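**Q** Just a sequence and a predicted model for now, questions to come.
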Amino acid sequence: MADLILGRVLSFAADPFVAGPEAARIDEAVLVDERRIKAVGSADALRRAHPEARVTDYGRCLISAGFIDAHVHYPQTAIIASWGKRLIDWLNTYTFPEEMRFADRSYADTVANRYLDLALAHGTTSMCTFATIHPGSVEAFFDAARARDLRVWAGKTCMDRHAPEGLRDTVQSAYDDSKALLEKWHGVDRLSYVITPRFSPTSTPEQLAALGALWREYPDCLMQTHLSEQHDEISWVRELFPQSRDYLDTYEAQGLLREGAVFGHAIHLTAREKSRLAEAGASVVHCPTSNTFIGSGLFDTGLARTLRVGLATDTGGGSSFSMLRTMAAAYEVAQLRGQALHPSQLWWLATLGSARALRAERMIGNIAVGMEADLVVVDLASTPAIAQAVTRAGDVWEAVFPTVMMGDDRAIRAVWVGGQEYARA
Ligand code: GUN
Ligand code: ZN
């Protein structure tokens, strides 16, 4: 049966980094049927045209495409908010010991289910995640996502050096395990496999080359990794790859730079790296709560004018599961760089911007006819502090901005996944 969903329906006709806030529009109703968006428009007209549709009225709530978290590590769910370390120490102290536990498939199942329940409770309906080196950690995530009918991306994280015993694969096993997972899962229901070298310090050039070769065999899948997150990390990469022109070149030299490459963080880029990323049509992902929490630096959101830029929590380097908290951090980081991002730009990054970064903008990330019906319904007066600020709002963006800056999972009134209202666990 068709569903007619009423509220303040937010969609994007263009990119607000190019077209300004006018890129966004607000309608009164969205019609959903057979898992897709069938129409967007005025409530009266859609009611008249579809008298058979079941009506759900969310009043003054904002109805948006579900949030898309373009870079997360679901296995780090339990170590979110771990104190006092910077990147390399943080990996060695908290992350690697926790990722070790994913050798146990039942532990992976437990965390995958917990992570997805948390993500959905925060209005996130799609994400692109790193798993651990264990193939079972990918299987656990895909099983849990499939049971919820989610559109997700995931890959086995490959590391053949500078990681503890038990958390290292080899050139051959990284290639073989990634290929087996890819063949089994890529394109099944709403699941996509992503080729996933963790980052250059933990992969030998030979392993990067093997994954580059695998990517040439499966050119339609994505490749995700990390790039230029902290100064110490960049110096280490320079020592490990003395022949490379820069950090990006360590990937480029092995066939890991082209459309479909998704680089997390990308904070301290050289001019050459920026122009090569743009020429190659690669994507970068802004992880602002992580970049402040781990002390990495201030991403340049101006890159959104030349590159595909997504937004992400980077759970558990990031300090929140919420894309609203992540938008707030993106706003603050841009302010520290002298730029005030408009709420339309922040919202776009968390939805269509992330979809574009994952090259999925024809499927998810917007409310438009033909798109998959993954929606988030946001209460714009979810706490007393937000509600009192909203009474001053003169337009929709002034009504949205207090929720962007102060909202969290309490603002998530409902989520719809694949055209169905998602029943919370
Ligand atoms: N660089 C390599 N691995 C990681 C990770 O797990 N988290 C973050 N934030 N950066 C990384
Ligand atoms: Zn990461």
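**A** Thanks, I have it. Worth saying up front: this structure is predicted, and the values here are computed from it rather than measured. Ligands and ions are numbered 1, 2, ... in the order given.

**Q** just checking, Tyr193 touches Phe141?
**A** No - at 10.9 Å, Tyr193 does not count as touching Phe141 under the criterion of C-beta atoms under 8 Å. In this view, the C-beta of every residue, glycine as well, is placed from N, C-alpha and C.

**Q** any common contacting residues for these two?
**A** Common contacts of Tyr193 and Phe141 (C-beta atoms under 8 Å, 6 or more residues apart in numbering): Ala154.

**Q** the more surrounded of these two?
**A** Phe141 (31 against 24; other C-beta atoms under 10 Å).

**Q** Buried residues, the helix or strand encompassing the more buried one. List them.
**A** Assigned by DSSP states H and E, Phe141 falls within helix 135-147. Across helix 135-147, burial judged by 16 or more other C-beta atoms under 10 Å covers Pro135, Gly136, Ser137, Val138, Glu139, Ala140, Phe141, Phe142, Ala144, Ala145.

**Q** residues making contact with it?
**A** 74-75, 102-103, 105, 108-109, 111-113, 115-116, 129, 131, 152, 154-156, 177, 180-181, 185, 188-191, 193.

**Q** What of stretch 385-405?
**A** By C-beta under 8 Å, 6+ apart, stretch 385-405 touches 8, 10, 21, 26, 62, 324, 327-328, 331, 342-344, 346-347, 378-382, 406-407, 411.

**Q** quick one: stretch 166-181 near ligand 1?
**A** No - counting by C-beta under 6 Å from any ligand atom, ligand 1 is not contacted by stretch 166-181; separation bottoms out at 11.6 Å.

**Q** Buried ones in that stretch, by neighbour count?
**A** Neighbour-count burial for stretch 166-181 [16+ other C-beta under 10 Å]: Leu167, Arg168, Asp169, Val171, Ser173, Ala174, Tyr175, Asp177, Ser178, Lys179, Leu181.

**Q** Just the CA trace of that stretch, in PDB.
**A** This file holds the C-alpha atoms of stretch 166-181, laid out as PDB (Å, rounded to 0.1, in the frame of the first residue of the first chain):
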ATOM      1  CA  GLY A 166      46.500 -11.600  15.300                       C
ATOM      2  CA  LEU A 167      45.500  -8.400  13.500                       C
ATOM      3  CA  ARG A 168      47.700  -8.800  10.400                       C
ATOM      4  CA  ASP A 169      46.900 -10.500   7.100                       C
ATOM      5  CA  THR A 170      49.300 -10.900   4.200                       C
ATOM      6  CA  VAL A 171      49.500  -9.700   0.600                       C
ATOM      7  CA  GLN A 172      47.800 -12.900  -0.600                       C
ATOM      8  CA  SER A 173      45.300 -13.400   2.100                       C
ATOM      9  CA  ALA A 174      44.100  -9.700   1.900                       C
ATOM     10  CA  TYR A 175      43.600 -10.200  -1.800                       C
ATOM     11  CA  ASP A 176      41.900 -13.600  -1.500                       C
ATOM     12  CA  ASP A 177      39.700 -12.800   1.500                       C
ATOM     13  CA  SER A 178      38.600  -9.400   0.000                       C
ATOM     14  CA  LYS A 179      37.800 -11.100  -3.300                       C
ATOM     15  CA  ALA A 180      35.800 -13.900  -1.700                       C
ATOM     16  CA  LEU A 181      33.800 -11.400   0.300                       C
END
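
**Q** Pull the number of nearby residues for whichever residue of the chain sits closest to ligand 2.
**A** Per C-beta to the ion, Gly264 is where the chain lies closest to ligand 2, at 4.5 Å. By other C-beta under 10 Å, 28 other residues sit near Gly264.

**Q** Return the residues of the chain in contact with ligand 2.
**A** Gly264, Asp314 (C-beta under 5 Å from the ion).

**Q** Check the chain for me, the residue farthest from its geometric middle.
**A** Distance from the C-alpha centroid of the chain peaks at Arg48, with 37.6 Å (C-alpha atoms, centre = their mean).

**Q** so which helix or strand takes in that residue?
**A** helix 43-49.

**Q** Please enumerate residues in contact with whichever helix or strand comes after that helix?
**A** As assigned by DSSP H and E, the chain's next helix or strand after helix 43-49 is strand 54-65. Here strand 54-65 makes contact (C-beta under 8 Å, 6+ apart) with 1-11, 30, 47, 347, 351-352, 355, 364-367, 371, 374-381, 396, 400, 403, 413-414, 421.

**Q** export strand 54-65 as PDB, just CAs?
**A** What follows is strand 54-65, C-alpha atoms only, in PDB (Å, rounded to 0.1, in the frame of the first residue of the first chain):
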ATOM      1  CA  ARG A  54      -2.200   5.500   4.100                       C
ATOM      2  CA  VAL A  55      -1.500   8.900   5.600                       C
ATOM      3  CA  THR A  56       1.100   9.600   8.300                       C
ATOM      4  CA  ASP A  57       1.100  13.200   9.500                       C
ATOM      5  CA  TYR A  58       4.300  14.400  11.200                       C
ATOM      6  CA  GLY A  59       3.000  18.000  11.700                       C
ATOM      7  CA  ARG A  60       5.800  20.500  11.800                       C
ATOM      8  CA  CYS A  61       8.600  17.900  11.800                       C
ATOM      9  CA  LEU A  62      11.200  18.100   9.100                       C
ATOM     10  CA  ILE A  63      11.200  15.100   6.700                       C
ATOM     11  CA  SER A  64      14.600  14.600   5.000                       C
ATOM     12  CA  ALA A  65      16.500  11.800   3.300                       C
END
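
**Q** which parts of it are buried?
**A** Thr56, Tyr58, Cys61, Leu62, Ile63, Ser64, Ala65.

**Q** Contacting ligand 1 as well, which ones from those residues?
**A** Okay, of the buried residues of strand 54-65, nothing touches ligand 1 (C-beta under 6 Å from any ligand atom).
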